[in-house]
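Q: I'll drop the sequence and a predicted model, then ask my questions.
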Amino acid sequence: MNIVRIFLTLTIVISMVCCSSSEKCKTDSDCPKNNKCIHERCFPNAYRPDPQVIDPGIGCSNDSECGYCKKCDDGICVAILECDVGFVALDGSRDVVKTDSIDIDEIADAGMDIVDVDADWDAYDIVEDAGTEDILTDVTPSDITDITCDINLSLKVVKREPAGDLPRGTVMTISGQGFDTECGTLSVYFNGDPNPAKILDKTSTKISVVIPGFAKSGRITVNSLGQVDSSLSVKIQRRLFFTDFGDVSSPGTKFFILSFPNFSEFREGKYDTSGEFPVPILLDPYNLMIIVVTKNKSSEGYTISAYDFSDVKFIKSVVNNNAKSMISNGAIDYEKKKIYLISMDGYLYIHEMESFKLLDTIKIGESLYGIEIDKTKNRIFLSGVSPPIIGPPEDLRAAIFIISRDDYGYVNRGKIVFGEPKSVSTDVKYHPTINKVFTVDYTKGELYVFSPDDKNSDLAPVSLGVESGPMKVSFGSNMSKVYIACNNSSQGPKNATASVKAFYVDTLGEVLGSPLDTKLITSTESTNSKHLVNMFYDDLDKYLIVVSNADNRIAVVDESTFALLSNPRSPDDTKTSSLSGNFGISVEDW
């Protein structure tokens, strides 16, 4: 015999009491009524539990992190639906063997009565290894737990609370009857999320469950004892998040939340932070956290703070007092489970996604402003300022830095330096289909397109106007258009109108209707109230959302017409420039 050791994160071995069958089969249709074909044998009253219930996982970078019967798909652990996770006998009782490591003998005929544990019953092992059927050899009577399953329970879902539209992360109570509390067959699924929702508590009549971070509007499915009820549904309340940066004389301290896309205030609408000058606001749907990064008030450094995804209550914070300059941008790498923060003095700070623990600090350039993660080729693009490759080091120029997601070293001598002295690259976006990097020079007002492999450009830079001050770059639907949010740079007149400009990705020809005049977007009480500093493309609704650093309004642009769709005010409804929504912006666009 060959001895095989199976290691499973959670191995559930279910033994049948007096229910083995002598009838052989290939499919369920070969078996008598109410029997299932398992391991080529017919078993009565058998039910295959959902493989997604076995060892549920979250974010991942490889299959090994997902556990049994799951694989890593684009950073999410998803079920392998054809995976055989065994069966549950619904004949009134069952025996469950739980162990982290099982020694098994591989035999030719697993259909025989193979283990006699306590002289009064036989165990049939449902664990498979490489397609063969195996038997337990190290099970003792103390390993066996008898569980009674009431197969007469009839599943019926009646209602959910709270009622109405709900944000992700909300604790929902589902009421009804027939909920399995003993036999491991109870699961709840929300539309859009392949993983079962987290169940906090359960009785035969109530389930307390958390709406997952990737849930979408639609049906709620409850599974119990082989029965399914999808009578309930929920509309997910999506939201727009942005920060109050303020100015040097009056630092901002808040972040704002509006329900999306009707732009009414979400709950209180405005929320205090523990620091000042908040810039990045990031969303972590895996851990159901809103993440805000602020400058420390009384010292150097920054603070990462987490707030509950649903009720926006403070959860925790981590301080890095070693940072010498303000954080300018950030991104979450869900596959690597990392948070990347970049600073105005050119540092990359790498934190653990869930705990916020600082893992590494790396000097990249003289300053950094833009960040883009490329999962297709395992690299990170950063934009900012660097000394020239050839020439006096004091002649700082715009630059793109290309580094590895694994060790953060340069990829293929990964630095592109361009523009004239004192030029600045304020943002960078990568187009994976055409393998091109799009960036802007703030000082001269130009749009550049580079190949990240040979560092060359096939197209001449596009002039946006020396007074434009391009700040942010976004791709539109199907990544066929590229949008530039222009700040109205210091080289232009203070009463000049900032704009959003649009170009076709393949030719860089300007889209009809571009530039979008922002006179209607921002108020005119302040002479410099038209500076657009950040932009987000909402792929779900096909909207461009733009914020100003000196006004209390937000621009929502309909991509199909390139026209102003809405002009909502910030929850801090004031004409004072230091109390405006600024810089940080995120949208639940999934």
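A: Received it, and whenever you're ready, just let me know what you need.
Q: From now on I want contacts and neighbour counts done on CA atoms only, so please keep to that.
A: Will do.
Q: and the next element down the chain from the host helix or strand of S317?
A: Using DSSP states H and E, S317 maps to strand 314-320. Next along the chain after strand 314-320, taking DSSP H and E as the criterion, comes strand 327-333.
Q: neighbouring strands for that following strand, and are they parallel or not?
A: Using DSSP bridges, strand 327-333 pairs in its sheet with strand 338-343 (antiparallel).
Q: Which residue, other than its chain neighbours, is closest to L341?
A: Using Cα to Cα, 6 or more residues apart in numbering and skipping the chain neighbours, the partner closest in space to L341 is G330 (4.3 Å).
Q: my read: that neighbour touches K338, true?
A: No: taking Cα atoms under 8 Å as the definition, G330 is not a contact partner of K338, at 10.7 Å.
Q: Compare those two and say which is more crowded by neighbours.
A: A direct count of neighbours by other Cα atoms under 10 Å for G330 and K338 places G330 higher, at 24 against 21.
Q: for that one, what are its contacts?
A: 280, 282, 339-342, 371 (Cα atoms under 8 Å, 6 or more residues apart in numbering).
Q: lowest confidence element among the helices and strands of the protein?
A: Lowest on mean pLDDT, DSSP states H and E among the helices and strands of the chain sits strand 3-15, with a mean of 28.
Q: how long is stretch 63-75 from one end to the other?
A: End-to-end distance for stretch 63-75, by Cα to Cα, to the nearest Å: 10 Å.
Q: Could you measure from F256 over to Y543?
A: Using Cα to Cα, F256 is found at 19 Å from Y543.
Q: what does K481 give?
A: 13 Å.
Q: of these two, who's got more company?
A: Set K481 next to Y543 and count neighbours by other Cα under 10 Å: Y543 wins out with 23 against 20.
Q: Run through the bridge partners of the nearest residue to that one once chain neighbours are set aside.
A: Distances taken as Cα to Cα, 6+ apart place D558 nearest to Y543, at 5.0 Å, with adjacent residues excluded. Applying DSSP bridges to D558 yields these beta-bridge partners: Y543, A563.
Q: dump the residue contacts of D558.
A: Contacts for D558 (Cα under 8 Å, 6+ apart) come out as 542-544, 564-565.
Q: what about the residue nearest the centre of the chain, distance to D308?
A: With distances taken as Cα atoms, centre = their mean, P285 lies nearest the centre of the chain, 4.9 Å away. The gap separating P285 from D308 is 10 Å, by Cα to Cα.
Q: gap between the residue lying closest to F438 once chain neighbours are set aside and L544?
A: With sequence-adjacent residues excluded and distances taken as Cα to Cα, 6+ apart, F438 is closest to V449, at 4.7 Å. Counting by Cα to Cα, the separation of V449 from L544 is 21 Å.
Q: before we move on, what about K254?
A: In terms of Cα to Cα, K254 sits 23 Å off from L544.
Q: okay but F356 is in contact with V293, surely?
A: No: look at F356 against V293 with Cα under 8 Å: they stay out of range, at 11.2 Å.
Q: anything in contact with each of these two?
A: With Cα under 8 Å, 6+ apart, F356 and V293 have common neighbours I304.
Q: Can you list the low-confidence ranges for the stretch 451-590 of the chain?
A: For the stretch 451-590 of the chain, applying pLDDT under 70 flags the ranges 489-497, 517-530, 549-552, 573-582.
Q: can you do 90?
A: Confidence mapping of the stretch 451-590 of the chain against pLDDT under 90 gives the ranges 453-460, 465-471, 486-500, 512-535, 546-558, 560-585.
Q: Sketch out the strands for it, chain order is fine.
A: Counting by DSSP state E, counting those that start in this stretch, the stretch 451-590 of the chain has strands at residues 462-463, 470-475, 481-486, 499-504, 516-517, 532-538, 543-548, 554-558, 563-566, 585-587.
Q: Just checking: what are the partner strands of the second one?
A: Read that as strand 470-475. strand 481-486 (antiparallel).
Q: between the strand it pairs with and strand 532-538, how big is the angle?
A: With axes from the mean of the first three to the mean of the last three Cα atoms, to 10 degrees applied, the angle from strand 481-486 to strand 532-538 works out at 160 degrees.
Q: okay, the angle between strand 481-486 and strand 499-504?
A: 160 degrees.
Q: what does strand 481-486 rub up against?
A: Where contact means Cα under 8 Å, 6+ apart, the residues beyond strand 481-486 that reach it are 468-476, 498-505, 531-535, 546.
Q: which of those residues count as buried?
A: Neighbour counting by 16 or more other Cα atoms under 10 Å classes 468-476, 498-505, 531-535, 546 among those as buried.
Q: any shared contact partners between P285 and D308?
A: By Cα under 8 Å, 6+ apart, no residue touches both P285 and D308.
Q: isn't K202 right next to E182, touching?
A: No: look at K202 against E182 with Cα under 8 Å: they stay out of range, at 10.0 Å.
Q: more crowded one of these two?
A: Just comparing K202 and E182: by other Cα under 10 Å the higher neighbour count belongs to K202, 18 against 14.
Q: can you pull the contacts of that one?
A: Taking Cα under 8 Å, 6+ apart, we find K202 in contact with 179, 181, 208.
Q: Now render those residues as CSV, adding secondary structure.
A: Output for these, formatted as CSV (DSSP: H, G, I helix; E, B strand; the rest coil):
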residue, secondary structure
F179, coil
T181, coil
S208, strand
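Q: between those, which has the most around it?
A: With neighbours defined as other Cα under 10 Å, the most crowded of the contacts of K202 is F179; it has 26 neighbours.
Q: Name all residues that make contact with that residue.
A: Going by Cα under 8 Å, 6+ apart, F179 touches 153, 155, 186, 202-207, 224.
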